[in-house]
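Undergrad: build the 3D model from these lines:
(chains A and B)
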Amino acid sequence: MSSGPATSAVSSPDVRGAHSHRLGLITVIATFGGLLFGYDTGVINGALEPLQRDLGLTASTEGFVVSILIVGAAVGAVAGGWLSDRFGRRHNILLLAIVFMVGTLACVVAPSWPLLAAARFVLGLAVGGASATVPVYLAEISPTERRGGLVTRNEVMIVGGQFAAFVVNAVIYNVWGEVDWIWRVMLLVAVVPAIVLFVGMLRMPESPRWLVLQGRTDDALDVLRQVRSPERAEAEMAEVRRLAEEETRSRTAGPVDLSVRWIRKLIVIGAALGVFQQFSGINAVMYYGTQLLGDAGFSANAAIVANTLNGLFSLLGITCGILLINRINRRTMLIGGFALTTTMHLLIALSALLLPDGTVKAYAILVFVVLFVFCMQGTLGPLTWLILSEIFPLRIRSLAIGICVTALWLGNALVSGIFPPVNAALGIGPTFLVFVALGLAAIVFSWKAVPETRGRSLEELESEFRRRYS
Amino acid sequence: MSVLVAVADGAEGRAALAAAAAEAALLGTELVAVNLTLDPLDRTEGPLADAGVTVLERSGPQDRDPAVAVLDELAQRGDVHRLVIGVRRRSRVGKMLLGSISQRLLLESPVPVLAVKPD
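TA: Purely as a prediction, here's the structure:
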C-alpha cells in the first residue's frame, strides 16, 4: 500500500557510443519476435491453395485451421504476460523462440488437418506470447526519449513479416505451384528467423526494469551500463525504479473492481474497440487475400502475386499511420478510419455485385482491397493500440488491457474462422456488405463512446470517466 | 491502539466510516481507513475531513484482493483492536462473481469486527 504517486526523475541525455550499437543490436534481435509473429500469421495466406489440395480442406475446416492459431494467440498473450512477469522478459523470449521452432516444425510435418490444427495452436501460443512480451522488453530497455520509436519498430516488423511471407509464398508458388506439399516449404522458412531470435537473445541482457522489480538492483545497473553512456546509466536508475513502481501500481485492480460501474464501462469500451478493429476484416484479407483475389477473377498464379500488394500497402499504411498518429485527434482519426474502411468495403461489395466477371472486375476488387488495407493500417491499425494504452487509469491498466487484448484476439479468431464458410456460401459481395454493416456500427460506437485522449493527462481523464460513467 | 475501517464503494462504505468514527471517538483511539475502491475518498467532509485520520490506498498486485489488503494491514499494524466493515445483501450471481469480502473479513479477522448495515 502507498500514500501517493512518486515524482519523476529527469535523466541526463544519452550520448552515442559503444552502448548505442549494443542497443541497436538488441532492437534488431528482439523485433525478430515481431517478424515471426507477422510471418507465421501471414504465411497461411499463400499456403492455403496447395494446403487445401494436399489435406482435403473444406471451407469450414479451412477456417478452423486458420483461426485456431489466433485462439492459441489469445491464450499465449495471457500466459506469456504472466510468465514474463514471473521469469523475466529475456527468458520468455528465449522460450518463445523454441515454441516458434517446435510449432513450425510440427506444422511442416503434420500428416492431416487435425494435427496441423493442433500444431498451429502451439504456434499461436508463441505468436500471442511474442505480442505480449516483445513490446514490453523493448519499452523497458530503451531510453525514455526513444521508447515510442523502438516499440513502433516492432509493429512495423510484424507487418513486414506478413509482407515477407506473401513474397516468399508468391516466389515459391510460381516456381513449384503444382507440387501439393509445397505449403510445407513455405511454412518451414519461418524456422530461420526463430533460430536467429534464439541465438541472438542468448547474448542479450534482461530488462533492467524487470530486474528492479525482482529487487536485483545491481544486475539492473549492470544492464544499464551496457546500453547507456556511463553517466546516463547511473542517472537512469532512479527513473527505472520509478517506472518499476508504476508498473507495480498498474497491477492493483482485480476482478472485484469490475463491480464498479465506471471501471466496467471503460473496460467494455476498450474491449469493443479491439473487437471492432478486428471486425474491419483486416485479417480476412491478411489470411485469405490470395483466395479472395482468386474468387475475384485472378488465376491462382496471378492472385498470389497480386496478394503481395496487400502486404506492401499494409507496410506503407502503417508507416503513414505512425507519421500521422500524433498530429490528428484520436477520435477524428478513429471515426475517419472506420469511414474510409467502410467505404472501401462498400466499393468492394459493389464491384463484386455489379461488374461483369472478367479482368475489370478482378482489378477493381484488387484496387479496393489494397486501398482498404492501406486505410486500415494507416489509421485503425496502430491507433487502437495507442488508445488502449492511454484510456485506462494506472491502477486498473494491467487488468483492463489484458481483457481488451483477449477480446481483440477472440474477435480476430471469430472473423478468420467464419470468413471462409460465409464467403463460400454468400460470395464476395454480400460478405463485404456484412463488413459494411459492422463498419457502420463501429462508427456509431466510436462517435458515441470512445473518449478523446490526445494531449490530456491521465488524472484529467480518470476524473472525467468517473463523472461520465458513474 | 487504533480502529481500522474498510471503506467499500457506496452506502455501506459511508455507513462503515461513520460507525468507525464513532467507535474511535468512544474508545479514544486513532482511526485508520483502508480505501477498498480505486477512487480517491472525499476528504473534505464527514469523518475524513479530520486530518488525524490516516487513509491507505490499495497499490500493487499484493493489494489486488481487498480482503487480503485489509488482513495484511491488520497483521502489519498489530495495534488494531477493532475492525469496522459495511455489509449489504448481494444477489447469488454477485456472490459467485465477486465473492464476499465482508464474509471473509468476518471469518478471518484476528480482531473483533463491527459490521454495520447502511439504513
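Undergrad: what about A:R261, how many neighbours?
TA: 12 (other Cβ atoms under 10 Å in any protein chain shown). (C-beta placed from N, C-alpha, C; glycine too.)
Undergrad: check contacts around it.
TA: Going by Cβ atoms under 8 Å, 6 or more residues apart in numbering or on different chains, A:R261 touches A:Y469, A:S470.
Undergrad: if I look at A:L57, how far off is chain B?
TA: 40 Å (Cβ to the nearest Cβ, to the nearest Å).
Undergrad: for the nearest residue to that residue once chain neighbours are set aside, grab the count of nearby residues.
TA: Closest residue to A:L57 apart from its sequence neighbours, by Cβ to Cβ, 6 or more residues apart in numbering or on different chains: A:W113 at 5.9 Å. As a burial measure, A:W113 scores 20 neighbours (other Cβ under 10 Å).
Undergrad: identify the residues contacting A:W113.
TA: A:L55, A:G56, A:L57, A:T61, A:V65.
Undergrad: how many neighbours does B:V53 have?
TA: B:V53 has 20 neighbours, counted by other Cβ under 10 Å.
Undergrad: I'd guessed A:V275 sits against A:T406; true?
TA: No - between A:V275 and A:T406 there is no contact under Cβ atoms under 8 Å: 10.4 Å.
Undergrad: please enumerate the strands of chain B.
TA: Counting by DSSP state E, chain B has strands at residues B:2-7, B:30-35, B:54-57, B:80-86, B:113-116.
Undergrad: give the buried residues for the last one.
TA: Right, the one you point to is strand B:113-116. For strand B:113-116, burial by neighbour count (16 or more other Cβ atoms under 10 Å in any protein chain shown) applies to B:V113, B:A115, B:V116.
Undergrad: and if you look at the third one?
TA: Residues of strand B:54-57 classed as buried: B:L56, B:E57 (neighbour count, 16+ other Cβ under 10 Å).
Undergrad: name the helices or strands packed onto that strand?
TA: With contacts taken as 3 or more Cβ pairs under 8 Å, 6 or more residues apart in numbering or on different chains; DSSP states H and E, strand B:54-57 sits against strand B:30-35.
Undergrad: tilt between the strand it packs on and strand B:80-86?
TA: Angle, strand B:30-35 to strand B:80-86, by axes from the mean of the first three to the mean of the last three Cα atoms, to 10 degrees: 40 degrees.
Undergrad: for chain B, which helix is longest?
TA: helix B:11-27 (DSSP state H).
Undergrad: buried ones in it?
TA: For helix B:11-27, by 16+ other Cβ under 10 Å, it's B:E12, B:G13, B:R14, B:A15, B:A16, B:L17, B:A18, B:A19, B:A20, B:A21, B:E23, B:A24.
Undergrad: hmm, who's touching that helix?
TA: The contact list for helix B:11-27 (Cβ under 8 Å, 6+ apart) reads B:1-8, B:30-31, B:33, B:36-37, B:46-48, B:50, B:81-82, B:84-88, B:114, B:116-119.
Undergrad: what sits against A:P451?
TA: Applying Cβ under 8 Å, 6+ apart, one finds that A:P451 lies in contact with A:I269, A:R331, A:I391, A:L461, A:E464, A:F465, A:R468.
Undergrad: give me the number of residues near the residue of chain B found nearest chain A?
TA: The nearest approach of chain B to chain A comes at B:R64, 3.7 Å away (Cβ to the nearest Cβ). Residues within reach of B:R64, counting by other Cβ under 10 Å, total 19.
Undergrad: with A:D357 instead?
TA: 10.
Undergrad: cool, and A:L354?
TA: Per other Cβ under 10 Å, the neighbour tally for A:L354 reads 10.
Undergrad: rewinding a little: can you narrow the contacts of helix B:11-27 to ones near chain A?
TA: B:T37 (Cβ under 8 Å from any Cβ of the partner chain).
Undergrad: among the contacts of helix B:11-27, the buried ones, what's the PyMOL command?
TA: Of the contacts of helix B:11-27, the buried ones go into a single PyMOL selection, burial set by 16+ other Cβ under 10 Å:
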select buried, chain B and resi 2+3+4+5+6+7+8+31+33+36+37+47+48+82+84+85+86+87+116
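Undergrad: the bottom helix or strand of chain A by mean pLDDT?
TA: Within chain A, no helix or strand scores below helix A:458-469, which has a mean of 81 by mean pLDDT, DSSP states H and E.
Undergrad: still on that earlier bit, which among the strands of chain B is found nearest to A:S229?
TA: Among the strands of chain B, strand B:54-57 comes nearest to A:S229, with 37.2 Å by Cβ to Cβ.
Undergrad: quick revisit: which other helices and strands contact the least confident helix or strand of chain A?
TA: In terms of contacts (3+ Cβ pairs under 8 Å, 6+ apart), helix A:458-469 is packed against helix A:261-279.
Undergrad: before we move on, back to that, which of the contacts of A:W113 sits closest to A:T104?
TA: Of all those, A:T104 sits closest to A:V65, with 14.8 Å by Cβ to Cβ.
Undergrad: identify the residues contacting the residue positioned nearest the centre of chain A.
TA: Among the residues of chain A, the one closest to the centroid is A:S131, at 6.3 Å (Cα atoms, centre = their mean). Neighbour list for A:S131: A:F37, A:A73, A:G76, A:A77, A:G80, A:V405 [criterion: Cβ under 8 Å, 6+ apart].
Undergrad: which non-adjacent residue is nearest the third one?
TA: By that I understand A:G76. A:G128 (2.7 Å).
Undergrad: neighbours of the one you found, how many?
TA: 28.
Undergrad: check contacts around it.
TA: A:G128 neighbours (Cβ under 8 Å, 6+ apart): A:G72, A:A73, A:A74, A:V75, A:G76, A:A77, A:V78, A:A79, A:G80, A:W409.
Undergrad: now whichever residue of the stretch 201-350 of chain A sits closest to chain B: closest residue in space, sequence neighbours ignored.
TA: Residue nearest to chain B within the stretch 201-350 of chain A: A:G254 (3.7 Å; Cβ to the nearest Cβ). Leaving out its chain neighbours, the residue that sits closest to A:G254 by Cβ to Cβ, 6+ apart is B:R64, at 3.7 Å.
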